[in-house]
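Visitor: With the sequence up front, the predicted model follows.
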Amino acid sequence: MRGPDTPAKALDARALAALAANPGCKRRAILDGAGVNKAALAGALGSPSAFGQSQFALTRGNAFEAKVKADGGAELLRLVHERLDPAAPPPAGAAVPDLSAIGPEGRTARTALALREAAASAAESAGTGGTGGWTLLDHPMIALDVAGSPAFLEPDAVVVHPDGSWTVVEIKSFPMLDGAADPAKVGAAARQAAVYVLALEEVAARLEPAPRVRHRVLLVCPKDFSNLPTASAVDVRKQRAVTRRQLARLTRIQEIADALPDGVCFSPELPAEQLTEAVEAVPAAYAPECLAACELAFHCRDRSRAAGAVTALGRSVRAELGGLNTVEDVLAAARGEAGDPRDPAVAALRRAAELRREALGAMCP
């Protein structure tokens, strides 16, 4: 599907999190499942992607992360202790194992070994009546099985608590103002962290006894308008469940492929007309939120607008309109030209149109 000479693009945590953000999009599911480079595809379609962070944002984020992890991660561990495990002993002299190795497979194996050693140390301490120490894994590498292939993921940090449980830490450069951050950005971070939780659960399942992977992750951000770190615990159980369902759908990608025309191909080397026909053969579920998560968002938005689809107005609007799928359908229902008057959406539209006429009539006697 991606072309005979086109290498597969590996999925990362952001791509997997985006799948969870729009679970109804068959187009994204099959393109990601086939390893298609969506950025190159968008460029070939004439709707180049503006998705991604600026170099300034990346530099600022890296500087903030370095500050959080300075001095052996002392500040980071203090925040984990304060927000997630205040009953545990203070994290003085935490272990920070070396995770360097050759290639992603080597780093994954080294991470698994470090996690196993930290869990064994905690279990041994518990067996002697004591409490284990803290362990900080800085940029570990973990693998998650995606449609039969490993996706190598790199969380900002994983902390092993004295009781042997594991916590994912996400470090972001957007601020927390008065203890709260932008809900959309927090939601994106939670979906990304849920992917790491799933991958860690696969690692934990191979150990005996299996350590507990905590479903409350730590989100670390700058405090207000300063560069000082603060943190909040985020429960990712909902995002984890959605992501797991999406990954299960990817393993059944053949069901989507069976409905496509024979020989369909998404290679960016194809003529734009043929490529557009191939992409349009797969149903999409566009919503404005896609602009922050998918490289094909501009193409799908243009098509959605051209078709007059109400999805271009947002998921909340789409949900309120029931079976009215296009803007023309909505306007016709509001004018009384179409639609079942017993339909709550149609009745609400007609009432709104009536109120509008009354308001305009009062303004223009």
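Guide: Thanks, I have the structure now.

Visitor: use CA for all of it now, contacts and neighbours both
Guide: Noted.

Visitor: Let me know the pLDDT of Ser54.
Guide: Note for Ser54: predicted pLDDT of 65.

Visitor: what's the answer for Cys294, then?
Guide: 86.

Visitor: Report whether the expected contact of it with Ala18 is present.
Guide: Yes: between Cys294 and Ala18 there is a contact at 7.2 Å, judged by Cα atoms under 8 Å.

Visitor: quick one: which of the two has more around it?
Guide: Cys294 (24 against 20; other Cα atoms under 10 Å).

Visitor: quick one: average confidence on stretch 145-165?
Guide: 88.

Visitor: how far out from the middle of the chain is it?
Guide: 15 Å (Cα atoms, centre = their mean, to the nearest Å).

Visitor: in that stretch, what counts as buried?
Guide: 146-147, 151-165 (16 or more other Cα atoms under 10 Å).

Visitor: Please apply the same query to stretch 171-182.
Guide: 171-176, 181.

Visitor: ranges for the strands of the stretch 51-200 of the chain?
Guide: 135-138, 142-146, 149-153, 157-160, 166-171 (DSSP state E, counting those that start in this stretch).

Visitor: by contact count, what packs against the second one?
Guide: The reference is to strand 142-146. If contacts are counted by 3 or more Cα pairs under 8 Å, 6 or more residues apart in numbering; DSSP states H and E, strand 142-146 sits against helix 103-127, strand 149-153, helix 183-205, helix 237-251.

Visitor: and if you look at the last one?
Guide: In terms of contacts (3+ Cα pairs under 8 Å, 6+ apart), strand 166-171 is packed against strand 157-160, helix 183-205, strand 216-222.

Visitor: do you know which of the ones you listed lies nearest Gln239?
Guide: Among those, helix 183-205 comes nearest to Gln239, with 5.4 Å by Cα to Cα.

Visitor: gap between Pro211 and Glu117?
Guide: 12 Å (Cα to Cα, to the nearest Å).

Visitor: Of the two, which one has the most company?
Guide: Ranked by neighbour count (other Cα under 10 Å), Pro211 and Glu117 place Pro211 first, with 24 against 14.

Visitor: my guess is Phe174 contacts Lys223, does it?
Guide: No: applying Cα under 8 Å as the test, Phe174 and Lys223 come out as separate, 9.2 Å apart.

Visitor: picking that back up, out of the helices and strands packed on strand 142-146, which is closest to Asp343?
Guide: helix 237-251 (30.8 Å).

Visitor: Okay, buried residues for the closest one please.
Guide: For helix 237-251, by 16+ other Cα under 10 Å, it's 237, 239-240, 242-244, 246-247, 249-250.

Visitor: can you check stretch 15-27 too?
Guide: 15-23, 25-27.

Visitor: got TSV for the residues you listed, with pLDDT, secondary structure and distance to Ala352 too?
Guide: Putting the buried residues of stretch 15-27 into TSV (pLDDT from 0 to 100; DSSP: H, G, I helix; E, B strand; the rest coil; distance: Cα to Cα, whole Å) gives the following:
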residue	pLDDT	secondary structure	distance to Ala352
Ala15	80	helix	40
Leu16	81	helix	40
Ala17	80	helix	38
Ala18	76	helix	35
Leu19	73	helix	36
Ala20	70	helix	35
Ala21	71	helix	32
Asn22	76	coil	30
Pro23	72	coil	32
Cys25	84	coil	32
Lys26	85	helix	34
Arg27	88	helix	35
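
Visitor: quick check, nearest of those residues to Glu255?
Guide: For the buried residues of stretch 15-27, the nearest to Glu255 is Lys26 (10.3 Å; Cα to Cα).

Visitor: I'd guessed that closest one sits against Tyr286; true?
Guide: No: under the criterion of Cα under 8 Å, Lys26 is not in contact with Tyr286, lying 10.5 Å apart.
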